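*Asks:* Build the 3D model from these lines:
(chains A, B and C)
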Amino acid sequence: MRDLGVNILFEGLNMQRLLEGLWITTRIALISISFSIVFGIITGLFMLSNNKIVRLFSRFYLEMMRIVPILVWLFIFYFGVTKIVPVHLSSELVCVIVFVMWGSAEMGDIVRGAISSLPIHQKESGIAIGLTELQIYTYIIIPQAIRRLIPGAINLATRMIKTTSLAVFIGVIEVLKVGQQIIEYSLLTYPTAPLWIYGFIFSLYFMICYPISVLARKLEMKWQH
Amino acid sequence: MVHNTQEALLEVKKLHKDYDGLTVLSDVSLSVKKGEVIVILGPSGCGKSTLLRCINGLEAIQSGKILLNKVDISGSDTQWHLIRQKIGMVFQSYDLFPHMTIIDNILLGPLKVQKRNKQEAREHAEKLLHRVGLIDKINAYPRQLSGGQKQRVAIVRALCMNPEVMLFDEVTAALDPEVVHEVLKVMLELANEGMTMVIVTHEMDFAKAVADKIVFMDQGEIKEIASPVDFFQEPSTERGKQFINMFNYNHLNKERE
Amino acid sequence: MKKIKGLSLLFISILLIGLVAGCNSSSKEVSVIQTIQENDSIRIGVFGDKPPFGFVNQDGENEGFDVFIANRFAEDLLGDASKVEFIVVEAASRVEYLESDRVDIILANFTVTDERKEAVDFATPYMKVGLGIVSPDGELITDVSELEGQKVIVNRGTTAELYFIENHPEIELVAFDQNTEAFNALKDGRGAALAHDNTLLFAWANENPGFSVGITSLGNEDVIAPAVKKGNTELLEWINEELETLAEEDFLYKAYDATLRSAFGETIDADDVVYQ
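*Replies:* Numbering: from 1, shown residues only, chains lettered A, B, ... in the order given. All right, here's what the predicted structure looks like:
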């Protein structure tokens, strides 16, 4: 070994580049997750609609998002759209659009699952004391559903953070891609480069995902009641 | 038990209900006067629970009428969330909201539906809790209560809305035998205070004690309406006799001796 | 990518109606080169992780053989070598970048194949790539015939593996999935030689004393060329003329000296790589 591999992290602007890449990853993930929560609740309510057509359509939407790989969606929106209309959406915007579409569908299914797992008596008890449909959702269904969907939602959020690495295929230079560039550039001089770079990226991902799971556990503890 | 000859508070007229063509209630007519306690008996699946659910609008009906204070509430334009404040209902399953404390469970209706003054509603709730012996559980969560305690809270939750009539749908069926009596005791006290009640139960001794009228149902129809004394001593229908005999183990034993 | 086009047609109408309204579509009559000159910047797609052809250095700057040529294009077209916007592309999406007008030229180690010719227009090649064979200096292999009865290390699914299966079935192969595994096997002596793309071997041998590329060119040689969007003859002709002019001053050899020589070492002949 000609040199200490760890030095690769501090050579040139490498550290800054990795952190910038991380910021792009985090930004895409956070924006996508936030929108997905909002639209996911709406999608979930559509999935539970009494209207058969609405239910069918939201089911179709979910299946489309699941069957067609995320990478293909990214290509459709980044390259496909441009071929048909002269609109150049930025790669990051395309990422957010696709991730929100995907996240809303998955979140919708989580919301649907959480709500439909509630005993029917809960709703009937609400009806029996004269609550309106909206009040039943506000005071009874949604507060209980949120508790049930936390594990699934956290799982989805971490999946979304990890899936941001696909963004590289439409030219977003996120943290993983920066890492790859550094490794390829220095592999011949630092044979242990992959170990250090991927190890560092791992700890960066951990730094993002760990607080989320701590928060989730705290919420679950708080809602034991 | 209050007996009076006032006009009917709640009336069911020629009610018909089916699920996808399968008849569950047919030509059911029933009249409940203010202060009267009606106990509906009958074998499982006879439609007695469905009848309660129809009265509270939880199930749609195909024909017939339901009148509350002479107002038809079975039409499609019924403002059910207004009507339901007048009809309290307690279910078989423990149906408290698990994410709310006992007091929040009780106050949800009075505050959100009836928009009552918070102070007044809370005092009312405390009074009722005190009466059922659960004032010390006021800030507990439902999971910290036993089944019998939960059902007493469910009764308080319905009572706190100041209903004109209370419906009880097999409220002791899911309880451990040793706590059944604490719930029945509360119901008996309510009856004695003049609450109008329609009760579906399998507790025969309790029915005998609390009822002003026994309604016996079988296969979606009312077979007979009688006083408890008459019904338990000499049912007028063959099905009624068979039903009574099912609960009469002592009689069978004595015959063998 | 036919499937993608079909799907996108379906969804665009639903999702992008609002966006389309506000956009002025540029007329097709406008000259491509004129547009580039008006923008005062040319968009060139390069690799970011394929040293020494296209990579990003430790200061985050694009570098490499392809990048060197791209800078010269910008200099001759816009009068300033820095007036180029580098767009880092992935191998899998190079065609898409051209088709969707997100880059003007692809200069990303783009090997000319018949299939790709259907999708994009290739200019005159500037580089060639073939197979090479690297072996320890002590027992240097300089001809394929010397490999008889010996083991050759290859990577699974590469042209090197295919070449030996088709042309020298008598030679035993040891196949690996990862480059590092394969090179470690060579170091451990698990094979007499290793076959791979010659440019990769040049760089590796240069960093690993004791090993040399004894055979620098083997089998069918492929060429690498700049590519433009299908039908963009104006830019294509400009590139061809440009490459012709550059050939007069041996620019590609200068590019080799500037970017590849240090990576490949002095023993390698520039003509093994440069196409002129």
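*Asks:* from here on, contacts and neighbour counts on C-alpha atoms
*Replies:* OK.
*Asks:* Okay, the most centrally placed residue in chain A and C:Gly231: tell me how far apart.
*Replies:* Nearest to the mean C-alpha position of chain A, by C-alpha atoms, centre = their mean, lies A:Met160 at 2.7 Å. Between A:Met160 and C:Gly231 the computed distance is 39 Å (C-alpha to C-alpha, to the nearest Å).
*Asks:* Tell me the helix or strand right after the helix or strand of chain A with the lowest mean pLDDT.
*Replies:* Of all helical and strand segments in chain A, the minimum by mean pLDDT, DSSP states H and E falls on helix A:81-84, at a mean of 80. With elements assigned by DSSP states H and E, the helix or strand that comes after helix A:81-84 is helix A:91-116.
*Asks:* Centre of the chain to that following helix, how far?
*Replies:* 8 Å (C-alpha atoms, centre = their mean, to the nearest Å).
*Asks:* Do a quick rundown of the strands in chain C.
*Replies:* C:42-46, C:49-50, C:54-56, C:62-63, C:84-88, C:105-106, C:120-122, C:127-136, C:151-155, C:172-176, C:193-197, C:211-224, C:227-229 (DSSP state E).
*Asks:* near chain C, which residues of chain A?
*Replies:* When proximity is defined as C-alpha under 8 Å from any C-alpha of the partner chain, chain A approaches chain C at A:11-14, A:17, A:72, A:75-77, A:79-88, A:168-171, A:180-182, A:184-185, A:188.
*Asks:* and the nearest residue to C:Phe176 once chain neighbours are set aside, what does it touch?
*Replies:* Nearest residue to C:Phe176 in three dimensions, chain neighbours excluded: C:Asn155, at 4.9 Å (C-alpha to C-alpha, 6 or more residues apart in numbering or on different chains). When the contact criterion is C-alpha atoms under 8 Å, 6 or more residues apart in numbering or on different chains, the partners of C:Asn155 are C:Glu161, C:Ala175, C:Phe176, C:Asp177, C:Gln178, C:Asn179, C:Ala182, C:His196.
*Asks:* can you check B:Gln85 too?
*Replies:* With C-alpha under 8 Å, 6+ apart, B:Gln85 has these contacts: A:Ala128, A:Ile129, A:Gly130, B:Gln114, B:Met161, B:Asn162, B:Pro163.
*Asks:* Residue of the stretch 51-200 of chain B closest to chain A, please.
*Replies:* Nearest residue of the stretch 51-200 of chain B to chain A: B:His81, at 4.2 Å (C-alpha to the nearest C-alpha).
*Asks:* In this structure that residue contacts A:Glu124, no?
*Replies:* No: taking contacts as C-alpha atoms under 8 Å, B:His81 lies outside contact range of A:Glu124: 11.9 Å.
*Asks:* Neighbours of A:Gln180, how many?
*Replies:* Here the number of neighbours of A:Gln180 (other C-alpha atoms under 10 Å in any protein chain shown) works out to 19.
*Asks:* Same check on B:Lys223?
*Replies:* 17.
*Asks:* again with A:Leu19
*Replies:* 16.
*Asks:* For chain C, give me the ranges with low pLDDT.
*Replies:* The model of chain C has pLDDT under 70 over residues C:1-29.
*Asks:* Now do the same for A:Gly182: helix, strand or coil?
*Replies:* That one is not Gly; residue A:182 is Ile. Put simply, A:Ile182 is helix when judged by DSSP: H, G, I helix; E, B strand; the rest coil.
*Asks:* give the contact list for it.
*Replies:* With C-alpha under 8 Å, 6+ apart, A:Ile182 has these contacts: A:Asn14, A:Ile197, C:Asp49, C:Val56, C:Asn57, C:Gln58.
*Asks:* Return a ChimeraX selection command for the buried portion of those.
*Replies:* In ChimeraX syntax, the buried subset of those is picked out as below (16 or more other C-alpha atoms under 10 Å in any protein chain shown):
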select /A:14,197 /C:49,56,57,58
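*Asks:* so where's the chain uncertain?
*Replies:* Answering for chain A, as no chain was given. In chain A, residues with pLDDT under 70: A:1-3, A:224-225.
*Asks:* looking at chain B here, not the other one
*Replies:* B:1-6, B:94, B:248-257.
*Asks:* near chain A, which residues of it?
*Replies:* Counting by C-alpha under 8 Å from any C-alpha, chain B sits next to chain A at B:56, B:58, B:80-85, B:87-89, B:91, B:93, B:95-100, B:109, B:112-113, B:141, B:143, B:158, B:161.
*Asks:* Now, the residues you listed that are in strands?
*Replies:* Per DSSP E, the subset of the residues of chain B next to chain A in strands is B:Ile87, B:Gly88, B:Met89.
*Asks:* thinking again about what came up before, among the contacts of C:Asn155, which one has the most neighbours?
*Replies:* Counting by other C-alpha under 10 Å, top hit in the contacts of C:Asn155: C:Ala182 with 23 neighbours.
*Asks:* Quick check: chain neighbours aside, which residue is closest to that residue?
*Replies:* Nearest one to C:Ala182, counting by C-alpha to C-alpha, 6+ apart, is C:Phe176 at 5.7 Å.
*Asks:* Next: B:Glu164.
*Replies:* Counting by C-alpha to C-alpha, 6+ apart, the residue nearest B:Glu164 is B:Lys86, at 5.1 Å.
*Asks:* correct me, but that neighbour touches B:Ala158?
*Replies:* No: using C-alpha under 8 Å as the test, B:Lys86 is too far from B:Ala158 to be in contact (9.6 Å).
*Asks:* Roughly how far does the nearest residue to C:Leu173 once chain neighbours are set aside sit from C:Glu166?
*Replies:* Once flanking residues are discounted, C:Leu173 sits nearest to C:Val152: 4.9 Å by C-alpha to C-alpha, 6+ apart. To C:Glu166, C:Val152 is 14 Å away according to C-alpha to C-alpha.
*Asks:* higher neighbour count, those two?
*Replies:* C:Val152 (24 against 9).
*Asks:* Let me know whether the more buried one touches C:His168 as I believe.
*Replies:* No: contact criterion C-alpha under 8 Å: C:Val152 and C:His168 do not qualify, at 10.9 Å.
*Asks:* Summarise which helices and strands the one helix or strand A:Ile161 maps to is packed against.
*Replies:* A:Ile161 belongs to helix A:142-163 when elements are defined using DSSP H and E. Counting by 3 or more C-alpha pairs under 8 Å, 6 or more residues apart in numbering or on different chains; DSSP states H and E, the packing neighbours recorded for helix A:142-163 are helix A:14-47, helix A:91-116, helix A:193-222.
*Asks:* Quick one: closest of those helices to B:Ala207.
*Replies:* Nearest of the helices and strands packed on helix A:142-163 to B:Ala207, taken as C-alpha to C-alpha: helix A:91-116 at 36.4 Å.
*Asks:* Tell me the buried residues in the closest one?
*Replies:* A:91-92, A:94-115.
*Asks:* next one: stretch B:157-175
*Replies:* B:157-172, B:175.
*Asks:* got it, and stretch C:149-168?
*Replies:* For stretch C:149-168, by 16+ other C-alpha under 10 Å, it's C:Lys151, C:Val152, C:Ile153, C:Val154, C:Asn155, C:Arg156, C:Thr159, C:Ala160, C:Glu161, C:Tyr163, C:Phe164.
*Asks:* and which of the residues you listed is nearest chain A?
*Replies:* C:Asn155 (18.2 Å).
*Asks:* For chain B, give me its nearest residue in chain A.
*Replies:* A:Gly130 (4.2 Å).
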